[in-house]
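1. This is a predicted model, with the sequence first.
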Amino acid sequence: MKLTLSSFLATCLVLAGCGGGDSAIDGAKDIPNRFGNTQNALDDFSPGSTGDSSNARGLEPNQVRVTMELPANLAPEGEPTRRNLRIVIPDEVRVYRTNTGAQTFDDVRYSRANGADGHFILTFDNGVPIGPDVIIEARYGSATMTALAADADRDVKVNPFSHYLVTRVLWNQYTANDLQTVMACVDNASCLNKYVWGTLADQVHDFEIDIPVNSSVDQATNILSERADFAGYVRDTADYALLGQASSDRISASAADYNSVFFGLELGQTFRESNISGAGQWGVRMAQEEKLTADNGAFLYPALTLTSFDAFNLNITSLATDIPYDRRTQIHGFFEPGGTAGAPEQVFFSRGTEDWERNSHSSAPGAATLTTQPPVRLLAGRALYQTVTDRSSTEINGWTRNPYYLDAFTSTPPDDQSAPDRVLAGYFTAGKTIALSENDGKLKRQNTLEDHYLSVFELHLQRSEQFQFSDMATETFNTAYFAARFNDEPATAATEFETGHGRWTLTTPDAASLPGSAEVNRFTLARDRSGIVTSDTGARSDSWNLINRRSRLSTGDDFIGRLGLFRDDPDISPDSNDTGDDLNFGVPDLGLGATTPNRALMAFNLNDATLGSGLLVAAKRLSEGKLKEGVYRVQGVVIAATQEANRLHHVDNATLNLSDNSATFEGDVLQVTHAIEENRVDAPQAATMAFQASYSASPEGEISMIGNGEYDLQGFYTEAGNQMFLVISDGTGPERQTGLLLATLLTEETGAP
């Protein structure tokens with residue numbers, strides 16, 4: 001097939017990405033993209049693809065295929081597919097140009113034919129449109145819906161998701177000037193953001209949101225507008241499309257590889273067991289190393305790769321992540337006692353990492369925008385791959401994840417030949433676990449096993465070459481952490497969430513490790529087995545010892561900035577083929593992590609019986625630090641509990657304004673609620689969070705914010721004075737809260753002290 005510039009960029013850059021770096025993505029970058037090639041995603045659940053099927057085979061570069069999907073009651077004879085929709089052949093299809101006022105203009109030159117499968121094939125005389133100004137409208141019976149012609153995979157699905165994009169965003173959110181800005185980018189050969197709308201039109205179909213079977217078209221789009229995660233993703237990505245070429249740049253280095261520390265806290269609902277079907281479920285996900293061969297010959301390490309290259313005189317930044325992770329969960333339900341009469345009671349069931357097959361959280365490679373003005377941010381709409389676990393068991397598990405909008409902070413490189421030493425982000429993604437049946441090698445969707453709602457931290461720290469940590473001896477670090485503990489022992493609280501902040505001091509080297517001691521102040525929120533919620537504060541003293549972990553790469557064994565954190569057991573396993581040095585293949589008893597090359601910022605995935613499963617971040621303690629005042633972007637997670645409910649609040653790009661030792665916090669949160677007695681978990685809803693506080697920042701890097709009798713925020717800022725990690729707590733009740741926040745500078749206040 002002839003590869004035009006537009007198809008190359010749209011397919012290679014936006015969907016698949018080009019290039020890659022040697023490292024943790026050593027194996028992943030060689031795996032071909034496997035997008036579904038079947039007409040119906042219900043019949044072929046494909047790992048290594050996104051959730052939507054693609055049926056673009058046999059199409060010419062200037063053609064699209066049109067498929068219409070309706071709520072079941074509007075097409076009872078249609079072919080069932082995912083999300084409670086039915087596939088139909090539309091009675092009529094028309095194409096027109098539009099504006100933000102929903103006017104139609106019949107000046108699009110195209111022809112229409114029926115493909116061999118009966119679907120409509122549209123051929124555009126001047127190539128498939130790129131901008132959002134060309135609409136495909138399909139009618140079936142009395143139902144009419146719209147979609148953008150500029151769908152990146154050219155398999156245009158006309159359904160409530162595409163209709164929402166046209167009617168609620170293009171015709172409602174966008175102004176005439178916005179559309180003019182986007183179309184000016186379309187007409188500019190060097191403006192890559194012209195492809196954002198095509199990617200958005202494709203990625204809305206990756207969302208796993210069920211449309212009620214009895215919905216009308218209007219009711220279906222209303223349901224989508226009420227899903228705060230979906231509506232927010234669409235809004236943010238549509239805004240992202242407004243960035244012009246002048247506002248974007250690329251990384252200076254041709255490729256930069258990062259060790260990734262990944263932590264996800266989930267609150268969802270499980271339907272796996274009939275006796276507790278519908279119960280709420282907490283979960284944590286923690287990045288781990290993946291051993292690829294039994295003889296320790298190859299490993300996959302959690303990583304991000306940023307790639308910069310030139311194509312057709314265009315400067316391009318592409319990114320890809322591949323993060324193996326372990327999972328722990330706790331079911332929390334409200335049910336009648338089994339086999340006996342009496343009042344209903346709360347029940348808890350924990351599942352450890354041994355109960356879940358190791359999984360993978362990986363984003364499809366694709367283009368991103370690196371803004372030019374510091375503080376620099378990395379922006380992109382990201383699609384996540386599906387995965388399959390327990391393939392050889394009686395219940396095959398298919399994991400599918402919704403796209404998310406990435407708004408990440410990157411540090412300023414020291415020179416033009418260097419890449420940022422960190423990429424820091426928080427985001428929200430939902431998804432499902434779906435039972436799969438196998439037939440002739442194909443995996444077909446069955447019933448839903450779990451619904452997931454997940455708040456994520458991704459901290460990517462640049463890899464080093466031949467990293468040594470001896471310079472960290474005798475250094476002191478400011479720390480902040482969040483950890484969850486799910487207990488089965490009758491004498492302990494069923495659920496505990498702990499946050500803490502304090503100091504961690506390393507001493508002189510002891511053999512291959514750096515001994516260290518931590519002194520932290522903690523806040524613990526707990527629910528006992530009767531459902532009562534309590535909170536308390538206290539001090540924690542602990543031994544946190546550090547080990548430099550060698551990595552086994554395709555280029556050989558090396559120290560690349562990956563670290564182990566241990567209290568008693570670093571779990572070092574010697575390799576019989578080595579010359580005498582110990583290689584690290586086991587898991588330390590506290591956790592695994594990484595550091596920036598300058599040793600100024602560390603992060604660890606906690607996996608500890610005492611602290612729990614979570615995230616620990618540490619920054620080198622400063623001597624004459626200065627926190628920059630201005631507006632900060634805030635991302636992170638806050639959990640809340642009352643007698644009646646569990647809640648997960650994802651802080652979704654809120655702002656924190658620091659000025660004259662006063663702090664003003666305001667912004668949106670995505671709120672997931674588990675109503676305990678009703679065994680109901682509500683999908684994400686939009687909520688607001690706002691408070692005023694006074695703050696103080698020490699030259700050593702510590703920061704304290706005291707709110708109006710409700711919130712207390714404690715933590716640290718990093719050496720550049722433009723990043724903060726804060727633990728937040730509220731023990732006043734009746735709703736007790738705690739969480740971890742990442743705040744990164746957006747705009748510095750001119751003349752700030």
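-> The structure has been received and is ready for your questions.
2. All the helices of the stretch 1-150 of the chain, residue numbers only.
-> 5-8 (DSSP state H, counting those that start in this stretch).
3. low-confidence ranges in it?
-> The stretch 1-150 of the chain contains residues with pLDDT under 70 at 1-39.
4. Neighbours of the spatially closest residue to residue 278 that is not a sequence neighbour, how many?
-> Closest residue to residue 278 apart from its sequence neighbours, by CB to CB, 6 or more residues apart in numbering: residue 679 at 4.2 Å. (C-beta placed from N, C-alpha, C; glycine too.) The local packing of residue 679 (other CB atoms under 10 Å) involves 17 other residues.
5. Next, work out how far apart residue 679 and residue 284 are.
-> To residue 284, residue 679 is 21 Å away according to CB to CB, to the nearest Å.
6. and what of residue 466?
-> 33 Å.
7. Which one's more surrounded, the two?
-> Between residue 466 and residue 284, counted using other CB under 10 Å, the more crowded position is residue 284 (28 against 7).
8. check contacts around the more buried one.
-> Contact analysis of residue 284 by CB atoms under 8 Å, 6 or more residues apart in numbering lists 263, 264, 265, 266, 327, 328, 329, 484, 613, 614.
9. Past the helix or strand encompassing it, which element shows up next along the chain?
-> Applying DSSP states H and E as the criterion places residue 284 in strand 279-287. Toward the C-terminus, strand 279-287 is succeeded by strand 290-291 as the next helix or strand (DSSP H and E).
10. Just checking: what are the partner strands of the strand holding residue 284?
-> Using DSSP bridges, the strands paired with strand 279-287 are strand 255-270 (antiparallel), strand 314-335 (antiparallel).
11. Make JSON lines from the contacts of residue 284 and add neighbour count, distance to residue 160 and pLDDT to it.
-> Listed next are these as JSON lines, based on neighbours: other CB atoms under 10 Å; distance: CB to CB, whole Å; pLDDT from 0 to 100:
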{"residue": "263", "neighbour count": "29", "distance to residue 160": "33", "pLDDT": "98"}
{"residue": "264", "neighbour count": "24", "distance to residue 160": "28", "pLDDT": "98"}
{"residue": "265", "neighbour count": "27", "distance to residue 160": "30", "pLDDT": "98"}
{"residue": "266", "neighbour count": "24", "distance to residue 160": "26", "pLDDT": "98"}
{"residue": "327", "neighbour count": "21", "distance to residue 160": "31", "pLDDT": "97"}
{"residue": "328", "neighbour count": "22", "distance to residue 160": "35", "pLDDT": "97"}
{"residue": "329", "neighbour count": "22", "distance to residue 160": "31", "pLDDT": "98"}
{"residue": "484", "neighbour count": "21", "distance to residue 160": "36", "pLDDT": "98"}
{"residue": "613", "neighbour count": "26", "distance to residue 160": "37", "pLDDT": "97"}
{"residue": "614", "neighbour count": "26", "distance to residue 160": "38", "pLDDT": "98"}
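12. and which of these is nearest to residue 139?
-> Nearest to residue 139 among the contacts of residue 284, counting by CB to CB, is residue 266 at 40.2 Å.
13. I'd guessed that closest one sits against residue 456; true?
-> No. Counting by CB atoms under 8 Å, residue 266 sits too far from residue 456 to count as a contact (9.2 Å).
14. Please list all residues in contact with the residue nearest to residue 278.
-> 278, 279, 280, 333, 334, 335.
15. In CSV, list the residues you listed along with neighbour count, pLDDT and distance to residue 401.
-> Below are these laid out as CSV (neighbours: other CB atoms under 10 Å; pLDDT from 0 to 100; distance: CB to CB, whole Å):
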residue, neighbour count, pLDDT, distance to residue 401
278, 14, 93, 22
279, 27, 96, 22
280, 25, 97, 20
333, 24, 94, 25
334, 19, 91, 28
335, 15, 83, 29
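16. Now the two most distant members of these.
-> Farthest-apart pair in the contacts of residue 679 is 280 and 335; separation 11.9 Å (CB to CB).
17. picking up where we left off before, out of the strands paired with strand 279-287, indicate the one that is most buried.
-> strand 255-270 (a mean of 25; mean count of other CB atoms under 10 Å).
18. can you dump the C-alpha coordinates of that strand into PDB?
-> Extracted C-alpha coordinates of strand 255-270, given in PDB (Å, rounded to 0.1, in the frame of the first residue of the first chain):
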ATOM      1  CA  ALA A 255      16.400   8.800  22.900                       C
ATOM      2  CA  ALA A 256      16.100   8.900  26.600                       C
ATOM      3  CA  ASP A 257      15.300   5.900  28.800                       C
ATOM      4  CA  TYR A 258      13.700   6.100  32.300                       C
ATOM      5  CA  ASN A 259      13.300   3.700  35.200                       C
ATOM      6  CA  SER A 260       9.600   3.800  36.100                       C
ATOM      7  CA  VAL A 261       8.000   3.700  39.600                       C
ATOM      8  CA  PHE A 262       4.300   3.000  39.200                       C
ATOM      9  CA  PHE A 263       1.700   3.000  41.800                       C
ATOM     10  CA  GLY A 264      -2.100   2.700  41.300                       C
ATOM     11  CA  LEU A 265      -4.800   2.800  44.000                       C
ATOM     12  CA  GLU A 266      -8.100   1.400  42.800                       C
ATOM     13  CA  LEU A 267     -11.600   1.300  44.200                       C
ATOM     14  CA  GLY A 268     -13.900  -0.900  42.200                       C
ATOM     15  CA  GLN A 269     -16.500  -3.700  42.200                       C
ATOM     16  CA  THR A 270     -16.200  -7.400  42.000                       C
END
